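**Q** show me how the following folds:
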Amino acid sequence: MAAWQASRPGDRIVEVDVPLSYGIYDVVQDQYLLNTVEFLWDPTKEVGVYIKVCTILLSFLNVLHLCGLVVSGKLQSYICQTLSKPSR
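**A** The predicted structure is shown next:
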């Protein structure tokens, strides 16, 4: 992970595409947690979140001549309910 980050300064593994997303606010993309994003939304409104995923294994697969193979992954989501109305 450290080698990947060093070779790609400023890149993230997971990133919210804010211009394409709608209905979300308070998007947090911590510069040290490259595989984590957080955001809030109003559950009474329509929401769409576009997430960009950078495949870390692409360089490794090129070396092994395995490009074109499907690399599976898992997206985990956690929903937390707040008792107080969030401030904007």
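
**Q** can you map out the helices along the protein?
**A** 2-7, 58-63 (DSSP state H).

**Q** least reliable of those by average pLDDT, please.
**A** Within the helices of the chain, confidence is poorest for helix 58-63, with a mean of 58 (mean pLDDT).

**Q** strands of the protein, residue ranges please.
**A** Chain-ordered strands for the chain, with DSSP state E as the definition, fall at 14-16, 24-28, 38-41, 51-53.

**Q** buried residues in the longest one?
**A** Along strand 24-28, these residues count as buried under the neighbour rule (16 or more other C-beta atoms under 10 Å): residue 24. For every residue, glycine as well, the C-beta is placed using N, CA and C.

**Q** in its sheet, what does it sit against?
**A** Taking DSSP bridges as the criterion, strand 24-28 pairs within the sheet with strand 38-41 (antiparallel).

**Q** neighbouring contacts of the partner strand?
**A** Applying C-beta atoms under 8 Å, 6 or more residues apart in numbering, the set of residues contacting strand 38-41 from outside is 16, 23, 24, 25, 26, 27, 28, 29, 47, 49, 86.

**Q** JSON lines for these, including distance to residue 38 and pLDDT?
**A** As requested, these are exported to JSON lines (distance: C-beta to C-beta, whole Å; pLDDT from 0 to 100):
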{"residue": "16", "distance to residue 38": "9", "pLDDT": "92"}
{"residue": "23", "distance to residue 38": "15", "pLDDT": "93"}
{"residue": "24", "distance to residue 38": "10", "pLDDT": "93"}
{"residue": "25", "distance to residue 38": "11", "pLDDT": "94"}
{"residue": "26", "distance to residue 38": "8", "pLDDT": "94"}
{"residue": "27", "distance to residue 38": "7", "pLDDT": "95"}
{"residue": "28", "distance to residue 38": "4", "pLDDT": "94"}
{"residue": "29", "distance to residue 38": "8", "pLDDT": "93"}
{"residue": "47", "distance to residue 38": "14", "pLDDT": "91"}
{"residue": "49", "distance to residue 38": "11", "pLDDT": "90"}
{"residue": "86", "distance to residue 38": "12", "pLDDT": "55"}
